[in-house]
Structure formats: C-alpha cells, structure tokens
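Chemist: coords below, sequence missing:
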C-alpha cells in the first residue's frame, strides 16, 4: 500500500484528526501561557472533568444510537445524585450501596422515558424535553423541602474523598509510581467506555440497537423487537446519566440541586464531534472521549487566557455547529470535485 493511500486513510479517520487537533491545541495554549501546563491546577482537573463529561456523552450516545435525543440527561443525573445523596444522609449507607441506588433511579427514569416514547409514539425530543422540565421542578422541590436554603446533602460517605482527590501517583510498584495527572475518577469513565464499546461492537443487542437507529422499518421487518430496543437504549442512557451525576457530586464534594444543569451541551459535543450520527445507526465510543477532551482543552485554554464565560459558550456552540455541518461540507466539496472531473 502506497504512502499516499496510508496518509489518506489516516486523515479520513475522524478520531485521528480529533486527537491531533486536541494535542495541537493543548501545546498551543501551553506555549501561549505556561500556566496551562500546571499539573495541579489545569491538567488534573481537566482530566477529572473529562471523565464526568465522557460518561454523560456516552449517555447521550446510547439514545443517539437509535436515532433519538435525550434532552433530560442532566435532570436524570440530578435526580440520581439526589437519590444517592439522600441515601448517604438519611439512611447512612456506605459508598457503593448509595451509588447503586442512584444508578437504579437513573436507569428507571430512562426506562420510563423509553416506555412513554414507545407507547405514545411521541417524538423523543418532546418526551425528554417534558421530562426535563418535570424533573427540574421535582429536584428543586425536594432540595428546598429537605435541606432548606442550603439546597445540598452534605454527608460525605467514606471513600468519597478518595475518588475526588486521589491520583495514580499515590500507587507505586517496585518503586515506580503512576502519573500524577491521572485522576482516579478516570477509572469509572474508562470502565464505561469499555462496556459501551463492547456492547455496540461485540453483542447482538448492540447490533440491533444500531439497526433500529439506521432503519426502523427494516429492523422491524427483520424481526428485531424495535420497541424493546428503544426502551433499552433509553434505559442505558439514564443509567449512564446517573453515573455521571454521582461522579460530579463526588467531584464537587456534595450533592446539590445544580448537579447536571450544565450537562446538555457537553452531552452532544463529545459524541457528535467523535463521529456519532444524530440520525442513529452509527456510534463512535472512543471518539466520544476524544471529542469531550477537545472541548475541554478549548474551554480550559480560553479560560487560562482570561476569556469570559460568554465567549467560552459561543466558542463551544460554534464547535458543535461546525461538527454538525461537516457532513454537508464534505458532500459539497465532493459534488464540486465530481463536476470538475466531468
């Protein structure tokens, strides 16, 4: 195979392009301001935030795999974190049982959303948007009722600080210690990436989810129980949203009413930049992580340069718009090239 063909394949791989762009921007921002290379104040928090946002991106990816949108991922994360926080504060549960309660609540919310979509035949956009507003009111009511003005559950189960502040640097084998920049919060994100990747690449269920998103009528004619697959996709979405919500609570150090309020845009940025199609039928699990890290590098880099929050949001919005337009831009250039050859 010629070098030219190899280079074309590399350039056409969106994950390679995104990785190159992420590394390039990271180096660029660091050269402009050396503070960007700070392990404690920039890189470690960036990777820790990336772990949380990768999981919420995977939650959206599961819904996108069947061609649906889940606009309630943030509120599902908030309700799940609320459930875990209440379990820690009022039932005095340990870390893992409280986490499992949150995951069950998130999965149940996703199941309900999928069931409503299937039974009512109402567009997923409308159903999850309505659920988002309903859960927003529910979360606010519960926190105000049970916590008063503080709007937070402050009980910290044993082990919470470990996930918040520990890095691999604290673990050594034969005198060799892990990297200081690797937060332990990346571990559940990596596990989620592996499990979701295995689901869509190696299992029949994953192939049926993608077939449902690719062509609903053809999937139904081929014997795939499409209604159940839609419900499963939303259940997985709610489950992963719950995990992201609890991870964010661990990162923040408390369970607050604001958890998940900033999840909407990142939940789309990671998967869409990574190559997951909005219309369903194709997902890029690893691409979700790379796309998430690209957006965080842009956000953190501009922040270190002293750029305001409004400009950051404009920049990320333009990044998402560009990602959504890439397909049409490629088609336009292909059409122009083909006309030039005739």
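Modeler: Nice, thanks for sending it over. The shown structure was predicted, so the numbers you read here are calculated from the model rather than taken from an experiment. Numbering: from 1, shown residues only.
Chemist: For the residue nearest the centre of the chain, which residues are in contact?
Modeler: Central residue of the chain (CA atoms, centre = their mean): residue 57, 1.8 Å from the mean position. Contacts for residue 57 (CB atoms under 8 Å, 6 or more residues apart in numbering) come out as 266-267, 269-271, 274, 288-289, 291-292. The C-beta positions use only the backbone N, C-alpha and C, and glycine is treated the same way.
Chemist: can you give me the helices in the stretch 51-200 of the chain?
Modeler: Here the stretch 51-200 of the chain has its helices, by DSSP state H, counting those that start in this stretch, at 73-90, 95-120, 124-147, 160-165, 186-202.
Chemist: how much does the first one deviate in direction from helix 95-120?
Modeler: Okay, so that is helix 73-90. 140 degrees (axes from the mean of the first three to the mean of the last three CA atoms, to 10 degrees).
Chemist: could you give the mean pLDDT of helix 73-90?
Modeler: Average pLDDT, helix 73-90: 95.
Chemist: Flag every buried residue along that helix.
Modeler: 73-89 (16 or more other CB atoms under 10 Å).
Chemist: quick revisit: quick one: closest of the helices of the stretch 51-200 of the chain to residue 65.
Modeler: helix 186-202 (6.9 Å; CB to CB).
Chemist: residues in contact with the helix or strand following that closest one?
Modeler: Following helix 186-202 in sequence order, the next helix or strand is helix 204-214 (DSSP states H and E). Residues from elsewhere that reach helix 204-214 (CB under 8 Å, 6+ apart): 62, 64-68, 198-200, 218-219, 222, 224, 226, 229-230, 232-233, 277, 279-283.
Chemist: Same question for stretch 300-310.
Modeler: Applying CB under 8 Å, 6+ apart, the contact partners of stretch 300-310 are 25-26, 28-29, 32-33, 35-36, 42, 46, 311-312, 315.
Chemist: which of the residues you listed count as buried?
Modeler: By neighbour count, with 16+ other CB under 10 Å, these hold 25-26, 29, 36, 42, 46, 312 as buried.
Chemist: so which of the residues you listed comes closest to residue 162?
Modeler: Closest to residue 162, out of all of the buried ones among the contacts of stretch 300-310 and judged by CB to CB, is residue 46, at 19.8 Å.
Chemist: State the distance from the nearest residue to residue 266 once chain neighbours are set aside to residue 248.
Modeler: Nearest non-adjacent residue to residue 266, counting by CB to CB, 6 or more residues apart in numbering: residue 53, 4.6 Å away. Distance, residue 53 to residue 248, by CB to CB, to the nearest Å: 9 Å.
Chemist: Mind listing residues that contact stretch 215-231?
Modeler: Outside stretch 215-231, the residues touching it (CB under 8 Å, 6+ apart) are 66-68, 111, 114-115, 117-118, 205, 208-209, 211-212, 281.
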